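Enquirer: next come a sequence and a model predicted from it.
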Amino acid sequence: MDTEEQNEDFQRLHQLITSTADIRAFLNGMTRYAATTMSRVTGAPVECGVTLGRRKRAVTIAGSNDEAIVLDGIEQSLGEGPALAALETGGPILLADTNTDPRWPKYCKDLALAGVRSVLGVPLPLGQDASAALNFFAPETGVFTEEATTEAQVFADIASHALRLVLRIAAADLLAEDLKAAMARRTAIDVACGMIMAQNRCTQDEAFAFLHKASQNRNQKLHDVADGIISGLTGETGPATTYFEN
C-alpha cells in the first residue's frame, strides 16, 4: 500500500465518521471498506468482521456482511480464535487452514462448515479503555501471504486512528446527555422547593428537608417526587424544562 492509497484510506474512513449515526454503523462501514481493500490486495474474495470491547459496555460486533458478523460471533461465543489471540499478542495471527490447524478445534470446525478455509486476525490499537480486532475471512488457503498480512496491519493502523476519534465523540456525546439529564433533575428539585416555600412560607433548607423526607417515605427518587409536586400544582406532566433545551 503506497502513500497515496494510505491517504485515500484515511480520508474514506474519516468520511464515515461524519456520515454514520453511531459506532455500529461506523464499524459496519469500516469493515466493508476493509473487505474491499483486502480483496483487492489478495485477488480473492475476503470478508471482514470486527469486535469492539469497551469498559462497562457490551461487546459490539459488526461486519462487511451478515455472514461476517455471524463468523465473528462464533469466536466471541467460544472465547477463542485468531482475533482474540491477536489482542493477546498485539500482532497479527494467521489461521492458515481451518481443516488442518490444530488450534481452536471447535472454532475451526464451525468455520470450515461455513465455507471458510483461512482467517487473519489483526488487532486495532485503541488504548486502555477499549479493544478491537479485525478478522479477515477467505474461502481458500494461501490468501493471506506475508505481503497481504502487512497490508492488513497498515489498514488496521489507519482504521484505529479513525475509531479512536469515533469513540471520543461518542464519549463526549454521552457526557453531554448525562449532564443534561442531571441539570433537568436539579431544575425539577429547585422548582419544587420554590413551590413548597411559597405554600408553607418556609426557608429553602426547610423545603428541601420536606422534599427529602417525602422521598424516603414514598421510596422514590428525589427528582421523581419533585416532578410529582410540580405536576400536582401546575397540571403539567413530564419533567421540568431546563433553560438550555431547545
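Expert: Cool, the structure landed.
Enquirer: gap between residue 132 and residue 217?
Expert: Distance, residue 132 to residue 217, by Cβ to Cβ, to the nearest Å: 48 Å. Where you see a C-beta, it was placed from the backbone N, CA and C, and this is true even at glycine.
Enquirer: neighbour count: the two, which is higher?
Expert: Higher neighbour count among residue 132 and residue 217: residue 132, with 27 against 9, using other Cβ atoms under 10 Å.
Enquirer: so who does that one touch?
Expert: Counting by Cβ atoms under 8 Å, 6 or more residues apart in numbering, residue 132 makes contact with 50, 51, 52, 53, 123, 124, 126, 160, 163.
Enquirer: list just the nearest of those to residue 66.
Expert: Using Cβ to Cβ, residue 50 is the member of the contacts of residue 132 that lies nearest residue 66, at 14.0 Å.
Enquirer: how near is that closest one to residue 44?
Expert: Distance check for residue 50 against residue 44: by Cβ to Cβ, it reads 20 Å.
Enquirer: among the contacts of residue 132, which are in helices?
Expert: 160, 163 (DSSP state H).
Enquirer: the contacts of residue 132 into TSV, with extra columns for neighbour count?
Expert: Formatted as TSV, the entries for the contacts of residue 132 read as follows, by neighbours: other Cβ atoms under 10 Å:
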residue	neighbour count
50	27
51	26
52	23
53	16
123	23
124	25
126	18
160	19
163	25
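Enquirer: secondary structure element for residue 136?
Expert: Taking DSSP states H and E as the definition, residue 136 sits inside strand 130-138.
Enquirer: sorry, that was for residue 120
Expert: strand 118-124.
Enquirer: partner strands of that strand and their direction?
Expert: Partners of strand 118-124 in the sheet, by DSSP bridges, are strand 93-95 (antiparallel), strand 130-138 (antiparallel).
Enquirer: against residue 216, how distant is the residue lying farthest from the centre of the chain?
Expert: Of all residues in the chain, residue 201 sits farthest from the chain's C-alpha centroid, using Cα atoms, centre = their mean; the distance is 51.0 Å. Here the criterion is Cβ to Cβ. By it, residue 201 lies 24 Å from residue 216.
Enquirer: list the buried residues for the helix or strand where residue 69 lies?
Expert: Secondary structure assignment for residue 69, by DSSP H and E: helix 66-78. By neighbour count on 16 or more other Cβ atoms under 10 Å, the buried set for helix 66-78 is 68, 69, 71, 72, 74, 75, 76.
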